[in-house]
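Asks: Just to be clear, the model below is a prediction. Sequence and coordinates:
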Amino acid sequence: MNKLEEVFHNKKAFIPFVVADDPNFDATVQNVLTLANNGADIIELGIPFSDPVADGPIIQAADLRAFDAGVNTEVVFDIVAKIRESTTIPIIFLTYTNIVYKYGYEEFCHKCHELDISGLVIPDLPFEEQGELKEFTEQYGISLIQLIAPTSGKRISMIASQAEGFIYMVSSMGVTGKREDFSSELGSTIEEIRKTTDVPIAIGFGIHSAQQARDLSELADGIIIGSAVVEIVDKSKDLAQYSKEISQAI
Amino acid sequence: MKEMQRTDTKSHYYGEFGGQFIPETLMTALNEVSDAYDKYKDDPDFLDELHTLLSDYANRPSLLYYAKNMTEDLGGAKIYFKREDLNHTGAHKINNVIGQALIAKRMGKTRLIAETGAGQHGVATATIAALFGMECEIYMGKMDTDRQKLNVYRMELLGAKVHPVTTGSMVLKDAVNAALQAWTKRVDDTFYVMGSAVGPYPFPEMVHDFQSVISKESKQQILEEEGRLPDAVVACVGGGSNAIGSFAQYIDDENVQLIGCEAAGKGVDTDQTAATIERGTTGIFHGMKSLFLQDKDGQIDKVYSISAGLDYPGVGPEHAHLAITKRAKYVGITDDEAVDAFEYIAKTEGIIAAIESCHAVAYVQKLAPTMSKDKIIICTLSGRGDKDVASIAKYRGRDIDE
């Protein structure tokens, strides 16, 4: 079984998101280890992009802090190498197509393999354009995480049939950020996905409270929390406490 | 059959450039636009309505004007201007907006959103939204809302809501980001009217098709006037919509030289430039694989030009393809050269042309004297320059009260 899929075996997965190098190298390493030691099951690490069109203001601001710290793709790899000295927790990258393209699809996947990166989430690389990259993610055993949105409709079976690792179910339309309401079609979309695949489904976009995490985790196999975690990091609040709270809630 | 075609992504490309690199949240909406465009582009009723609006509302065909004074002054090739500045709303942008808005109407959409740089595309979109009784919201970089205040007010006058975009470098690139984000928030009733020949398929193709009216007319007009094709066609390039429209009908005429003029800002070799084709490298951004100004890691550069309509870090995929295959040539024109041309064409021909278009005029000033008198150049004046008067005055150290 795929390493990511194993995580979901008999449990709901908590997948927090951290922007690499926000606000600096050491803090990122520390924050990832704090999450890993306090209930997180998979770490989603963001490689900042200058123009993150799928991200809302909180993550955009984190990207800017990382740029101020001098982040680039190599620095992110160094951060992962440092994290790997202390934990084997599955890590996936979230970044945009151009970052991977400029590094070179093969070189990027090779590097991910060396650093024991389990998967890639690339919001601006829809199913139809994945072919070139997929050749190398397969070669190096990295899951290319498929995103499914409330508007995916007829595309669901096509996308789900190629899913591996887990499916990133986008909870609602718009960009990342904390919200109170989610798409009313989440349940039916998940049912639709289930007709095609048993690959685990994790819901992301907008989740911040333990109550939301609990409610949504009943619909799926895991939850992804981005902006809320990034905000806790920014405001130096108790990350360990939050991580525990969420992982216990689901 | 349609389903088959859609999964054949190669048809979404110009050589190696193009594609559909956008979030899954927008893919269904984008495919709907694509299907609607396929359905209507050859539909007689659609074409009839399009042509009626182009002629009766937008003032087409635009004139092909022989610039006698400039021709004599420069002493070389005969210079013709394709006068898109005389269109209703004062620029070529209306050609494309009418087309896309008609598609939107047929799709049952009631709300138009758009990005804008100099404001010309925003004004055109707001205009057609007013005409069609549709809601309209325009995204414009804060830097551009500051330097193009007249156009901001014009859009508001037409009933549109203008959102100043304060993220990133606060120019056209950031306006596209904001408009794409706004589209993901509300797709059901909303059509994104892409203003330039950029973005994911089918936008580059739709913009190409709707702007091709420029070269369809100019070809017929020059044949009537001169009995032959031009030797060179010159147009300014930001994202590349007026240029692709100006080139389209000549691409297969190999003896017609196609020249796109990019904004070099303070110089192609400085970091304050927007000369994408000369300085850019292949990348994937704003829905397309194309050429972009970016660093080695793929972070998109901040770009600069005096022209709010040309300071974009990318270029349409078809232009990237025309450049790589050497079918078209792209040259950089600096702020100084464009401002000189702005003044030159005003004094020589009595035409105040948009600062964007003056990048093309500046190149014509260089090119015409190198060609013999029996040669012909067609240069597209993509827009009128009223919007630029205050900022050109400022550039020359004069502060005028808008």
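Replies: Alright, I've got the coordinates. Residues are numbered from 1 along each chain as shown, chains lettered A, B, ... in the order given.
Asks: so what's the most centrally placed residue in chain A up against?
Replies: For chain A, the residue nearest the mean C-alpha position is residue A:44 (4.0 Å; C-alpha atoms, centre = their mean). Residues in contact with residue A:44 (C-beta atoms under 8 Å, 6 or more residues apart in numbering or on different chains) are A:15-18, A:91-94, A:121, A:224, A:226. In this view, the C-beta of every residue, glycine as well, is placed from N, C-alpha and C.
Asks: can you list the weak-confidence ranges in chain B?
Replies: Along chain B, segments meeting pLDDT under 70 span B:1-10, B:401-402.
Asks: all strands for it, in order.
Replies: Assigned by DSSP state E, chain B shows strands spanning B:13-14, B:17-21, B:64-66, B:78-83, B:111-116, B:135-141, B:161-165, B:190-192, B:232-237, B:257-265, B:281-285, B:287-292, B:328-334, B:376-381.
Asks: Name the residues of the stretch 201-350 of chain B found near chain A, please.
Replies: Within the stretch 201-350 of chain B, the residues that sit near chain A (C-beta under 8 Å from any C-beta of the partner chain) are B:283-287, B:292, B:294, B:296-300.
Asks: Only alpha carbons, please: show stretch A:97-112 as CSV.
Replies: C-alpha atoms of stretch A:97-112 as CSV (Å, rounded to 0.1, in the frame of the first residue of the first chain):
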residue,chain,number,x,y,z
THR,A,97,3.4,24.3,-11.4
ASN,A,98,6.0,26.8,-12.4
ILE,A,99,8.2,26.0,-9.3
VAL,A,100,8.3,22.4,-10.3
TYR,A,101,8.6,23.1,-14.0
LYS,A,102,11.6,25.4,-13.5
TYR,A,103,13.4,23.0,-11.3
GLY,A,104,12.9,20.3,-13.9
TYR,A,105,10.1,17.7,-13.5
GLU,A,106,12.6,14.8,-13.2
GLU,A,107,15.1,16.6,-11.0
PHE,A,108,12.3,17.8,-8.7
CYS,A,109,10.9,14.3,-8.3
HIS,A,110,14.3,12.8,-7.8
LYS,A,111,15.0,15.3,-5.1
CYS,A,112,11.6,14.5,-3.5
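Asks: Farthest pair within the residues of the stretch 201-350 of chain B next to chain A?
Replies: B:287 and B:296 (22.4 Å; C-beta to C-beta).
Asks: Between those two, point out the one with more neighbours.
Replies: Neighbour count, other C-beta atoms under 10 Å in any protein chain shown: between residue B:287 and residue B:296, residue B:287 has more, with 29 against 10.
Asks: quick one, phi psi at the nearest residue to the more buried one once chain neighbours are set aside?
Replies: Of all residues not flanking residue B:287 in the chain, residue B:200 sits nearest, at 3.2 Å (C-beta to C-beta, 6 or more residues apart in numbering or on different chains). Backbone geometry at residue B:200, expressed as degrees, to the nearest 10, gives phi -70, psi 150.
Asks: roughly how far apart are residue B:200 and residue B:207?
Replies: Between residue B:200 and residue B:207 the computed distance is 12 Å (C-beta to C-beta, to the nearest Å).
Asks: who touches both of those two?
Replies: If you check residue B:200 and residue B:207 against C-beta under 8 Å, 6+ apart, no residue is contacted by both.
Asks: So which of these two has more stuff around it?
Replies: A direct count of neighbours by other C-beta under 10 Å for residue B:200 and residue B:207 places residue B:207 higher, at 30 against 26.
Asks: what about that one, distance to chain A?
Replies: If you measure residue B:207 against chain A using C-beta to the nearest C-beta, to the nearest Å, the figure is 20 Å.
Asks: how close does the closest residue to that residue other than its chain neighbours sit to chain A?
Replies: Nearest residue to residue B:207 in three dimensions, chain neighbours excluded: residue B:197, at 4.3 Å (C-beta to C-beta, 6+ apart). To chain A, residue B:197 is 19 Å away according to C-beta to the nearest C-beta.
Asks: pretty sure residue A:52 contacts residue A:94?
Replies: No: judged on C-beta atoms under 8 Å, residue A:52 makes no contact with residue A:94 at a distance of 9.5 Å.
Asks: Show me which of those two is the more surrounded one.
Replies: Between residue A:52 and residue A:94, residue A:94 has the larger neighbour count (other C-beta under 10 Å), namely 28 against 25.
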